[in-house]
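Requesting a structural model of the entry that follows:
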Amino acid sequence: MAQSKNNASSNIVYECLKKDILNLKLAPGCAISETDMASKYNVSRTPVRDAFKALAQEGLLEVKPHIGTFVSLIDINQISDVLYIRKVIEQSILKDLCSSFCEADTLKLEFSLNNQKQLLNNDNSCDDIASQFIKYDNNFHKLIFRIAGKESIWDMIFGLNQHYERFRALINLYGDNNIQNLYKEHCAIVKILSEKDYNTLKEHINKHIYDGFKNSSNIIMEYSHYFVNYHE
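The predicted structure is shown next:
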């Protein structure tokens, strides 16, 4: 029973810490201790230690022997690799969809767009909206993969996405109208897909995937201490 309770506590601590890391509530490079987290979540250090190990294996925490545990810095090179993988695979999937996309598929994606629109129009804080929109964005693209019968491929890509998720949180929080632009681009993707115009769609999805990365040099410089090889 004690082991089961520890496992449950460990999962809760893991999920909470991971959410805070991905949302930048725990900033890249900041120190984090088992004692503080055990106190925060009112648990023993054992489940916290287990959660730390899992997050370290995912590359979200870095353990420095005899120094401490730190939230890992964001790796631009890994982000670039993930974007390349996404571009190649998503373009291929959209090409396949252009030959089979139907009205029912359009309705599924329009429902996702409506959720995004409602989020942008509500009265939550900018930070909450920025954080929530990342989920809606992921759900939108995952739905495209699901419609194509390739949802498991999205899950594999998403498993590589940890650095990119934090990067997106940063540009969504501090970029100019980034969320509104993403929503408009999603609307355009659905429209072009329904028209089965693959050449236009290919150009648009490439722009959609890379624009936030290409236009974020000012944010990267301002928060250079968040990034590997930019903080020295």
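
Could you find the closest non-adjacent residue to residue 197?
Excluding its sequence neighbours, the residue lying closest to residue 197 (Cβ to Cβ, 6 or more residues apart in numbering) is residue 98, at 7.6 Å. All C-beta atoms are positioned from the backbone trio N, CA, C, and that covers glycine.

Let me know whether the one you found touches residue 189 as I believe.
No - using Cβ atoms under 8 Å, residue 98 makes no contact with residue 189, being 11.9 Å away.

So between those two, which is more surrounded?
Set residue 98 next to residue 189 and count neighbours by other Cβ atoms under 10 Å: residue 189 wins out with 21 against 18.

Three-state assignment for that one, please.
Residue 189 carries the three-state label helix when classified by DSSP: H, G, I helix; E, B strand; the rest coil.

same question, the one 3 residues further on
Secondary structure state of residue 192, per three-state DSSP, is helix.

That one reaches residue 202, doesn't it?
No - taking contacts as Cβ under 8 Å, residue 192 lies outside contact range of residue 202: 9.6 Å.

tell me, what's touching residue 98 and residue 189 both at once?
Taking Cβ atoms under 8 Å, 6 or more residues apart in numbering as the criterion, residue 98 and residue 189 both touch residue 201.

Starting from residue 131, give me the distance back to the spatially most central residue of the chain.
Using Cα atoms, centre = their mean, the residue of the chain that lies closest to the mean C-alpha position is residue 165, 2.9 Å off. Distance, residue 165 to residue 131, using Cβ to Cβ, to the nearest Å: 10 Å.

Can you list the low-confidence ranges for this protein?
Low-confidence segments of the chain (pLDDT under 70): 1-8, 175-177, 230-232.

What segments of it are strands?
Taking DSSP state E, the strands of the chain run over residues 31-32, 61-64, 68-71.

For burial, what's the neighbour tally of the closest residue to residue 166 other than its chain neighbours?
Closest residue in space to residue 166, ignoring its immediate chain neighbours: residue 74 at 5.3 Å, by Cβ to Cβ, 6+ apart. Neighbour count for residue 74, taken as other Cβ under 10 Å: 24.

which residues does residue 74 bridge with?
residue 227 (DSSP bridges).

any idea how far it lies from residue 51?
20 Å.

With residue 75 instead?
From residue 75 to residue 51 the distance is 22 Å (Cβ to Cβ).

right, and residue 72 touches residue 60 too?
Yes - taking Cβ under 8 Å as the definition, residue 72 is a contact partner of residue 60 at 5.7 Å.

Show me the helices in the protein, by range?
2-22, 34-41, 45-57, 76-97, 103-121, 126-147, 151-158, 162-174, 178-194, 198-214, 217-222 (DSSP state H).

Looking at the ones you listed, which is nearest to residue 228?
Smallest distance to residue 228 across those (Cβ to Cβ): 7.0 Å, for helix 76-97.

now the angle from the closest one to helix 162-174?
Relative orientation of helix 76-97 and helix 162-174, computed by axes from the mean of the first three to the mean of the last three Cα atoms, to 10 degrees: 90 degrees.

Mean neighbour count and distance to residue 14 added to the strands of the chain, as a markdown table?
Formatted as a markdown table, the strands of the chain follow (neighbours: other Cβ atoms under 10 Å; distance: least, Cβ to Cβ, whole Å):
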| stretch | mean neighbour count | distance to residue 14 |
| --- | --- | --- |
| strand 31-32 | 15 | 13 |
| strand 61-64 | 15 | 11 |
| strand 68-71 | 17 | 14 |
